[in-house]
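Asks: Output the structure for:
(one chain, ligands or ions: 1)
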Amino acid sequence: MPEQSVGDRRPTAPLPGRSASPTRLGASQLLLATPASGDSSPVIIDLHCHYAFAALRASSIERFSFEPQVAVRAGQPAHPTEYDSCLSPRLRRRLVWRAARRWLGLPETDRELDQRLGDHYERHLGPAGPVERFVLLAFDAARDERGECPPLPGPGDRFGSDLYTSNSLVRDACRRRADRFLFGASVHPYRPEAVACVEEVFAGGACLLKWMPLHQNIDIRDPRTLGVLRKCAQLGLPLLVHYGPEFSLATQCPQYRSVRPLLEVLRGLRAEGQMPCVIVAHVATPVMPLGDQDSHRALLDALTGEFADAPLYADLAALATWTKAGFLSRLARRQELHHKLLFGSDFPIPPGLARLRWKLGRNYRQIAAVQSWPQQAALAVRCLGFNEIVLHRAAELLPNLRYFDQPATG
Ligand SMILES: [Zn+2]
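Replies: Predicted coordinates:
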């Protein structure tokens, strides 16, 4: 995969934020309104946006101490951490990736593909709308039990990272777009000195920590994981964690699919007074409507029962997609749950609004005409009757929201 520089690819002009002019979208002004300048309501955050490139090496960005620039070793299989962001050959052979590539008309070469992906982020995360800030997610590499990171997996390989995005790359994007982006960090708990790495990303502006245990190989009960969870509790750094089935990346550790061990661990940490804020992605829903709902049901029970008064939440990421839209409609009716739900889009996964057409009624056309997928998803959530707390809660929970407003200290 060729070396690339992102320095000339990511423009530095500020994106429209709270001071931008409201976008005129048509009749339902209350539903579709963009926050006006001076509006004192909490900022609306999309806390679940992936930030990934095919084969990107950033030049001249400041790096976290645990992410030094790694030289490419000729003749040896590439490791994910040789890049700042990359996709594995295994992922690129998966049907979901090939279908997305064809559907979006993505180019073949890595350089052109990364250019196109950069434009894609611009087009969807730039336009004004109800969502004013986007948490861009780093994605640490998968590690084995010893904490070692295997090479990028090819087709048929059993274990490796399908996706990697460095914390350094995401922090740099946040610095460039302090008006728009927030830093979602990712530190694998089996990394050497993982707790110190978490302290470093928090001091570097992280507003949450992202894990996908069934892909990255993270046992929530492992002592190294518990150490990081206790550190998150101390720092006030929320964990955004995936449980339930996954369809984009390989489920290479199916034993970490269920949310139940997480709930057990949180029970113990809570008893110690060391439970961090935990946000379970996608409300732990299955990929397909008739898929395994055990984690989803267990999570809903926990949110309304044992953890009703504890900092356990769930995000709505990807619930506006074609296969999960039924769950979104059902959750819209569960008003008693809304104070436990947070808005996220799972961008660049596209929403499937046509599936919600009947529920969105006369607002459907206006929402579908909005260019930005995350803005579409937020408008759909509002239109379906979710309490506004779902859109505003993240602004109360996430730390470091103003971190990048300050001039960089180097
Ligand atoms: Zn996601």
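Asks: going forward, measure contacts between C-alpha atoms and count neighbours the same way
Replies: Will do.
Asks: So for the residue of the chain positioned farthest from its centre, what's the pLDDT?
Replies: Ranked by distance from the centre of the chain (Cα atoms, centre = their mean), the top residue is Gly75, with 33.7 Å. Model confidence at Gly75, given as pLDDT, is 77.
Asks: again with Ala100
Replies: 79.
Asks: any idea whether it is helix, strand or coil?
Replies: Put simply, Ala100 is helix when judged by DSSP: H, G, I helix; E, B strand; the rest coil.
Asks: Which other helices and strands does whichever strand or helix holds Gln234 contact?
Replies: Here Gln234 is covered by helix 223-235, with elements defined by DSSP states H and E. Packing contacts for helix 223-235, counted by 3 or more Cα pairs under 8 Å, 6 or more residues apart in numbering; DSSP states H and E, involve helix 194-203.
Asks: Identify each buried residue in the helix it packs on, please.
Replies: Within helix 194-203, the residues that qualify as buried are Ala194, Val195, Cys197, Val198, Glu199, Val201, Phe202, counting by 16 or more other Cα atoms under 10 Å.
Asks: Could you dump the residues you listed into TSV with distance to Gln335 added?
Replies: Below are the buried residues of helix 194-203 laid out as TSV (distance: Cα to Cα, whole Å):
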residue	distance to Gln335
Ala194	38
Val195	37
Cys197	38
Val198	35
Glu199	36
Val201	35
Phe202	33
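Asks: Strands along the stretch 1-150 of the chain, start to end?
Replies: 45-50, 55-56, 85-87, 133-137 (DSSP state E, counting those that start in this stretch).
Asks: In a markdown table: those, plus mean pLDDT, mean neighbour count and distance to Gln366.
Replies: Below are the strands of the stretch 1-150 of the chain laid out as a markdown table (pLDDT from 0 to 100; neighbours: other Cα atoms under 10 Å; distance: least, Cα to Cα, whole Å):
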| stretch | mean pLDDT | mean neighbour count | distance to Gln366 |
| --- | --- | --- | --- |
| strand 45-50 | 98 | 27 | 20 |
| strand 55-56 | 94 | 24 | 36 |
| strand 85-87 | 95 | 24 | 34 |
| strand 133-137 | 98 | 26 | 22 |
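Asks: Leu152: which of those is closest?
Replies: Nearest of these to Leu152, taken as Cα to Cα: strand 85-87 at 8.3 Å.
Asks: Low-confidence ranges, the chain, go.
Replies: For the chain, applying pLDDT under 70 flags the ranges 1-40, 406-410.
Asks: so what's the residue positioned nearest the centre of it up against?
Replies: Most central in the chain under Cα atoms, centre = their mean is His48, positioned 3.0 Å from the mean C-alpha point. Going by Cα atoms under 8 Å, 6 or more residues apart in numbering, His48 touches Phe134, Val135, Leu136, Leu137, Ala317, Gly344, Ser345, Asp346, Phe347.
Asks: any idea which of the residues you listed is the one closest to Glu388?
Replies: Looking across these and measuring by Cα to Cα, the closest to Glu388 is Gly344, at 13.5 Å.
Asks: that's a strand at that closest one, yeah?
Replies: No: under three-state DSSP, Gly344 falls outside any strand and is assigned coil.
Asks: I'd like the distance between it and Ala314.
Replies: Distance of Gly344 to Ala314, computed by Cα to Cα, to the nearest Å: 10 Å.
Asks: more crowded one of those two?
Replies: Gly344 (29 against 26; other Cα atoms under 10 Å).
Asks: do you know how far the more buried one is from Val283?
Replies: 11 Å.
Asks: Need the residues touching each of these two.
Replies: With Cα under 8 Å, 6+ apart as the test, Gly344 and Val283 both reach Asp315, Leu316.
Asks: if we can go back for a sec, from the contacts of His48, pick the one nearest Gly105.
Replies: Phe347 (17.5 Å).
Asks: Double-check that closest one against His50; I have them as touching.
Replies: Yes: counting by Cα atoms under 8 Å, His50 is a contact partner of Phe347 at 5.9 Å.
Asks: so where does Leu328 fall, helix or strand?
Replies: Assigned by DSSP H and E, Leu328 falls in helix 325-332.
Asks: Turn the strands of the stretch 1-150 of the chain into a markdown table, columns for distance to Phe247.
Replies: A markdown table is the format used below for the strands of the stretch 1-150 of the chain (distance: least, Cα to Cα, whole Å):
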| stretch | distance to Phe247 |
| --- | --- |
| strand 45-50 | 15 |
| strand 55-56 | 22 |
| strand 85-87 | 15 |
| strand 133-137 | 18 |
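Asks: Tell me which of those sits nearest to Ser161.
Replies: Of these, the one closest to Ser161 (Cα to Cα) turns out to be strand 85-87, at 7.9 Å.
Asks: any residues touching that closest one, and which ones?
Replies: 52-57, 80, 161-166, 169.
Asks: tell me how far it is from the chain's mean position?
Replies: When C-alpha coordinates are averaged (Cα atoms, centre = their mean, to the nearest Å), strand 85-87 and its chain have centres 15 Å apart.
Asks: Verify the stated contact: Ile44 with Val390.
Replies: No: under the criterion of Cα under 8 Å, Ile44 makes no contact with Val390, lying 9.2 Å away.
Asks: can you give me the helices in the stretch 1-150 of the chain?
Replies: 29-32, 89-93, 95-104, 110-125 (DSSP state H, counting those that start in this stretch).
Asks: Nearest approach to Lys324 belongs to which of these?
Replies: It's helix 95-104; of the helices of the stretch 1-150 of the chain, that one is closest to Lys324 (Cα to Cα) at 15.9 Å.
Asks: so Lys324 makes contact with Val287?
Replies: Yes: between Lys324 and Val287 there is a contact under Cα under 8 Å: 6.7 Å.
Asks: Could you check how many residues crowd around the residue nearest to Pro77 when sequence neighbours are not counted?
Replies: Excluding its sequence neighbours, the residue lying closest to Pro77 (Cα to Cα, 6 or more residues apart in numbering) is Pro151, at 6.0 Å. The tally of other residues near Pro151 (other Cα under 10 Å) stands at 19.
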